[in-house]
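Peer 1: below are the sequence and a predicted model; questions follow.
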Amino acid sequence: MNKVYHFSVSFRNTGLLILALMGVLCLFVLPFAIFSPQGLWVAMAFALALLPFVLLGGYFFVRHSGEIILTDDAITLSRFGREKRVSYLDVIAVRQDYHLPPNLVLSTADTSLKFSRLVYDWPELDAALRRRIAAFGQTDQATFPLVLGFGIKFFATNGLLLAVLFAFIELLAFGAFYERYGVWRALGMAAVVSGSLVGLTWAAAVLATLLSGQPIRCVFTADSVEARYAFGKRRSWAARDIQAIHMEEHQSAVQSGYVKVERLLHPVIITFKDGQPLIINPDRARDFGYTPERLNAVLRRLYAVRLGQAAAALQTPQSPRNQAQANKLIQQASQFHKRKQYEQAIALYKEAIELFPPYASYWFLIGDMYFEMKQPEPAAQAYRQTVEFVPEHDQAWSSLGRCLLLLGQPEKAASAFDRSIEIAADQPEAFYYGAMAQARLNNQIKASAYLEHALALQPAWKEAARQDPLLASLMQKV
C-alpha cells in the first residue's frame with residue numbers, strides 16, 4: 001500500500017511569491033536604474049541585492065515541490081514529473097541535519113536521496129522510515145560524554161537568515177537614499193541602517209534565548225548530568241539518580257493582542273530522585289541540532305541500563321575499518337535479501353553485526369527473514385535482539401508478539417503487542433494480532449476493543465477477521 005507525503009505548499013508558494021516580486025522589481029525598477037546617470041553601478045548594486053532573494057525563492061520553490069511516496073519495499077521522491085526510487089534494503093547510511101538542508105540523506109552504494117524535513121506529517125514519515133530502514137539505528141548512536149550546545153550549524157543557519165534580512169533592508173534603504181545622496185553615499189547609509197536594524201534583531205533574539213529559562217549547554221556523562229543556563233547558573237545530578245527519560249505533551253498558550261494562540265509541545269524530560277526535572281523544550285532541542293524524538297531516543301539509549309551488552313557496544317569506541325568492512329557485508333547481504341536467498345543474507349548480516357556491534361538494528365531484518373522462512377523461534381530471538389538495542393522499535397515488538405503467538409505463548413505475546421501499542425498507537429497490526437492474543441487469554445472485552453481499533457485503522461481486514469476462528473465471534477460485537 002502506497003503512502004504519499006507532500007512537501008510544504010506554503011513554502012513552495014512563498015518561493016513563487018519571492019520570485020514573482022523579484023521579477024516585478026526587475027521589470028519596473030531596473031530600466032530606471034540603467035538609464036540614470038550612474039546606471040551601470042546602480043544596476044550592479046540592484047542585481048547584487050536581489051541575488052539572495054532569487055536564490056532563496058528558487059530554493060523554496062524547487063525543494064518543496066513534489067512528494068515522497070512510501071511503498072512496501074522502497075521510497076520514491078517525485079518532483080516535476082521525474083522520480084528517484086531507493087529500496088529500503090539498499091540504504092547503508094542515513095545522515096540527518098536539523099539546521100541545514102538537506103535535512104535527511106539516505107545513501108546507497110551508488111546514489112543518495114536528499115530532501116527537506118518540511119513535509120506534512122513529518123513525524124509520521126520519520127517513524128515509518130525508521131521502521132523500514134535498519135540503518136536509521138546508526139543515527140541514534142552516541143557515546144559518553146554527550147555535549148549539547150549551540151554548534152557551528154546553528155550559527156550558520158541564523159547567520160544566513162540575518163544576511164537575507166540585511167540584504168532586504170539594504171535594498172529598501174538604498175532605494176530611499178539613492179535619488180538624494182547618489183550611489184556610494186546611499187550604499188553607505190543603507191548599510192548603516194540595515195546593520196543597525198539587524199544588530200537590534202540579533203540582540204533581541206539573544207536576549208530572548210537567555211531569558212527563556214532553557215539550558216544553553218548540557219553535558220551527559222556516565223556518572224553525571226549537568227545543565228548550564230544563562231548568567232552562570234548551573235544544575236547537576238548524579239547519573240545514578242535518573243528515574244525516567246521520556247516525552248510529555250504540554251499545552252502552551254501565547255497571547256497576541258486579543259488572540260490566544262495555543263501550541264502542543266512535546267519536551268524531553270529527565271526526572272531525578274530529587275524531584276527537580278531537566279526539561280528540554282522542542283525549540284531548544286532543535287537549537288542543539290536534534291528533533292525531540294531523536295534526542296529522547298539518544299538519551300534513553302545512553303542511560304538504558306537494561307540494554308546490557310547492546311548498551312556496552314554503543315559506548316565502546318569502534319574501529320572505522322570494521323565499520324567499512326561491515327558496510328560491504330551489508331551491501332552483499334541486501335542483494336541476497338532482495339533475491340530471497342535468506343540463509344546467505346542472514347549469515348552476512350550476522351557477520352556485519354559481529355564486526356561492528358552498533359549495527360545491531362539489522363537484527364530486525366534477520367527476524368523478518370526467519371519469519372518468512374516459517375521459523376518463529378529464531379525469528380523471536382532476532383526480534384528480542386532488536387528491542388534490546390532499540391527499545392522504542394514498535395514494529396519489532398509487534399513482530400515479536402506474532403512469533404510468540406505461533407509458539408503458543410499468548411501471555412507473552414499480549415505483553416509484546418501492548419508494548420508496541422504504547423510506543424505507536426497507529427499501527428493496525430499490533431491491535432489486530434493483539435486481539436488474537438487477548439482472545440486466547442479469554443479477555444473478550446479487551447480483544448473486542450483491540451479488533452475494533454484495528455479495523456478502524458484498516459477496514460480492508462474485516463473479511464479476514466470474519467474468516468479467522470478466534471476473531472469471528474468478536475466480529476459480532478464490533
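Peer 2: In hand now; what should we look at?
Peer 1: angles on the backbone of L146, please.
Peer 2: phi -100, psi 120 (degrees, to the nearest 10).
Peer 1: that one: how many residues sit nearby?
Peer 2: By other CB atoms under 10 Å, 15 other residues sit near L146. C-beta coordinates here come from the backbone N, C-alpha and C atoms, glycine included.
Peer 1: then A20?
Peer 2: Neighbour count for A20, taken as other CB under 10 Å: 11.
Peer 1: ok, now Q395?
Peer 2: Under the criterion other CB under 10 Å, the count of neighbours that Q395 has is 23.
Peer 1: measure it to A128 for me?
Peer 2: 10 Å (CB to CB, to the nearest Å).
Peer 1: now do F417, the pLDDT please.
Peer 2: What the model reports for F417 is a pLDDT of 95.
Peer 1: my read: it touches A439, true?
Peer 2: No. Checked against CB atoms under 8 Å, the pair F417 and A439 is beyond contact range at 12.0 Å.
Peer 1: higher neighbour count, these two?
Peer 2: Neighbours were counted for F417 and for A439 using other CB under 10 Å; F417 has more, 29 against 23.
Peer 1: helix, strand, or coil at that one?
Peer 2: helix (DSSP: H, G, I helix; E, B strand; the rest coil).
Peer 1: residue contacts, it?
Peer 2: F417 is in contact with 397-398, 401, 430-431, 433-434, 437, 450, counting by CB atoms under 8 Å, 6 or more residues apart in numbering.
Peer 1: of the residues you listed, buried ones?
Peer 2: Those of the contacts of F417 that meet the buried threshold are 397-398, 401, 430-431, 433-434, 437, 450, by 16 or more other CB atoms under 10 Å.
Peer 1: nearest the middle, which residue of the chain would you pick?
Peer 2: Centre of the chain computed as the mean C-alpha position; nearest residue by CA atoms, centre = their mean is D126, 5.0 Å away.
Peer 1: regarding that residue, which helix or strand does it belong to?
Peer 2: D126 is part of helix 122-132 when elements are defined by DSSP states H and E.
Peer 1: same check on L17?
Peer 2: helix 9-34.
Peer 1: name the next helix or strand following the helix holding D126 along the chain.
Peer 2: Following helix 122-132 in sequence, per DSSP H and E, is strand 146-148.
Peer 1: looking at that next one now, give me its mean pLDDT.
Peer 2: 92.
Peer 1: so what secondary structure elements neighbour that strand?
Peer 2: strand 217-220, helix 292-303 (3 or more CB pairs under 8 Å, 6 or more residues apart in numbering; DSSP states H and E).
Peer 1: how far is the shortest one from where the chain is centred?
Peer 2: Right, the one you point to is strand 217-220. Between the centre of strand 217-220 and the centre of its host chain there is 21 Å, according to CA atoms, centre = their mean, to the nearest Å.
Peer 1: now do the SS call for K84.
Peer 2: strand.
Peer 1: which residue sits closest to it, ignoring its sequence neighbours?
Peer 2: L77 (4.8 Å; CB to CB, 6 or more residues apart in numbering).
Peer 1: any buried residues in the host helix or strand of the one you found, and which?
Peer 2: Take DSSP H and E as the rule and L77 turns out to sit in strand 74-79. Buried residues in strand 74-79, counted by 16+ other CB under 10 Å: 75-77, 79.
Peer 1: show me which of those residues is closest to V164.
Peer 2: R79 (24.2 Å; CB to CB).
Peer 1: the residue nearest to K84 pairs with what?
Peer 2: Beta-bridge pairing of L77 under DSSP bridges involves I68, K84.
Peer 1: and the angle from the lengthiest helix in the chain to helix 9-34?
Peer 2: Selection of the longest helix in the chain by residue count, based on DSSP state H, yields helix 152-181. Using axes from the mean of the first three to the mean of the last three CA atoms, to 10 degrees, the inter-axis angle of helix 152-181 relative to helix 9-34 is 30 degrees.
Peer 1: so where is the stretch 201-350 of the chain shaky, pLDDT-wise?
Peer 2: Low-confidence segments of the stretch 201-350 of the chain (pLDDT under 70): 250-264, 304-320.
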